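Engineer: Quick one, what's the 3D model for this:
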Amino acid sequence: MHTCLAENLTGKVYSWGFNRYGQLGVGSESNENLPTEIDGLSNVVFVSCGAEQTAALTSDGKVYTFGRGQDARLGH
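Structural biologist: Sure thing, here's the model as predicted:
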């Protein structure tokens, strides 16, 4: 299973798929079969996801990361 993200025209981000490490950013580690909005995340201009991590960049330059943070993979 893969992790998927989609951004809509208003800057909201939806995620679904594999979530073993919380990489979907939905507040749990349960897999999601349907697109689920990431609460509290808005004005997103770019998203990137890997097998175990996700990153989102907002229009004001903030970066949000989710997922497996082993070995500082998330930058914090």
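Engineer: What is the burial count for residue 72?
Structural biologist: By the measure other CB atoms under 10 Å, the count of residues near residue 72 is 7. The way it works is simple: take the backbone N, C-alpha and C, and place the C-beta from them, glycine included.
Engineer: Any chance of the backbone angles for it?
Structural biologist: phi 60, psi 30 (degrees, to the nearest 10).
Engineer: Relative to residue 33, how far out is it?
Structural biologist: Using CB to CB, to the nearest Å, one gets 31 Å for the distance from residue 72 to residue 33.
Engineer: low pLDDT regions in the protein?
Structural biologist: Applying pLDDT under 70 to the chain flags residues 1-2.
Engineer: all helices for it, in order.
Structural biologist: With DSSP state H as the definition, the chain shows no helices.
Engineer: ok, which stretches of it are strands?
Structural biologist: 3-7, 13-17, 32-37, 44-49, 53-58, 63-67 (DSSP state E).
Engineer: Relative to residue 26, which of the ones you listed is closest?
Structural biologist: With CB to CB as the measure, strand 32-37 is the member of these nearest residue 26 (5.2 Å).
Engineer: Distance from the closest one to the middle of the chain?
Structural biologist: Distance of strand 32-37 from the chain centroid (CA atoms, centre = their mean, to the nearest Å) equals 11 Å.
Engineer: Run me through the strand neighbours of that strand, direction for each.
Structural biologist: strand 13-17 (antiparallel) (DSSP bridges).
Engineer: angle of the strand it pairs with against strand 63-67?
Structural biologist: Here strand 13-17 points in a direction 20 degrees away from that of strand 63-67 (axes from the mean of the first three to the mean of the last three CA atoms, to 10 degrees).
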